[in-house]
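task: produce atomic coordinates for the following.
(one chain, ligands or ions: 1)
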Amino acid sequence: MVRKILELGDENLRKTCKPMPKFDLRLWLLLRDMADTMYDAEGVGLAAPQVGILRRVVVIDVGDEHGLIELVNPQIIATEGEQAGSEGCLSVPGRRGYVVRPNKVTVRAQDRKGKWFEITGEGLLARAFCHEIDHLDGIIYVDKMDHEIFDDDQEKTQEEK
Ligand code: ZN
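Numbering: from 1, shown residues only. Predicted coordinates:
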């Protein structure tokens, strides 16, 4: 079921989310709805607070070989390098900003059954890990961006190279 995505200005997006304590049907329905909502909005990631649930749950699909990634209670445990590029957010529609992130990120998280695992991503996936895990602490990319990217084709093309 597609849920409503909260937008910048909603105070739920600024809260620190609590750990997900239980790995039951309630979580699985949330994960399903979050994936439905992300795909419906054509995003590459969604965090639970964006649908008003203040728990540490994230879904990501950057269209690579990993497919849909579900992260429960995720923590970044290692980062490497740096990448600078354009970033957007489903809670900030129609805007993009230039944000510096690590190029390689390793996350430790629990799966939908509570089992801990580690996953490493580079490039866009590393960016998505940082962006979505920031949401769990009430941080939105606009807080970290160097500057906003306006919908000027020339600038956009340059930034995204
Ligand atoms: Zn976002």
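
only C-alpha atoms for contact and neighbour calcs from this point on.
Fine.

can you give me the buried ones in the longest helix belonging to the chain?
Longest among the helix segments of the chain by residue count, using DSSP state H, is helix 25-40. Neighbour-count burial for helix 25-40, with 16 or more other CA atoms under 10 Å as criterion, is recorded at Leu27, Leu30, Leu31, Asp33, Met34, Ala35, Thr37, Met38, Tyr39.

any idea where the strands of this structure begin and end?
45-47, 57-60, 69-80, 83-87, 96-101, 104-110, 116-122, 147-149 (DSSP state E).

report the rounded mean pLDDT for the fourth one.
Read it as strand 83-87. Averaging pLDDT along strand 83-87 yields 95.

just checking, what packs against that strand?
Applying 3 or more CA pairs under 8 Å, 6 or more residues apart in numbering; DSSP states H and E, we find strand 83-87 packed against strand 96-101, helix 153-160.

least reliable of the ones you listed going by mean pLDDT?
Of all these, helix 153-160 has the smallest average pLDDT, which comes to a mean of 48.

you'd agree Thr37 is up against Arg3?
Yes - using CA atoms under 8 Å, Thr37 is in contact with Arg3, at 5.8 Å.

any idea how far Thr16 is from Ile119?
23 Å (CA to CA, to the nearest Å).

returning to what we had before: and the longest helix of the chain with strand 69-80, angle?
Computed by axes from the mean of the first three to the mean of the last three CA atoms, to 10 degrees, the angle separating helix 25-40 from strand 69-80 equals 80 degrees.

for helix 25-40, the distance to its chain's centre please.
14 Å (CA atoms, centre = their mean, to the nearest Å).

so for that helix, what's the average pLDDT?
Averaging pLDDT along helix 25-40 gives 98.

please apply the same query to stretch 113-131.
Here the average pLDDT along stretch 113-131 is 98.

what's in contact with that stretch?
Residues from elsewhere that reach stretch 113-131 (CA atoms under 8 Å, 6 or more residues apart in numbering): 22-24, 44-45, 60, 62, 72, 76, 83, 101-111, 140-141.

burial count for Lys113?
For Lys113, the count of nearby residues is 12 (other CA atoms under 10 Å).

how near is it to Gln83?
33 Å.

OK, contacts around the nearest residue to Gly63 once chain neighbours are set aside?
Distances taken as CA to CA, 6 or more residues apart in numbering put Val44 closest to Gly63, at 7.7 Å, once the chain neighbours are dropped. Counting by CA under 8 Å, 6+ apart, Val44 makes contact with Met38, Ile60, Asp61, Val62, Gly63, Ala128.
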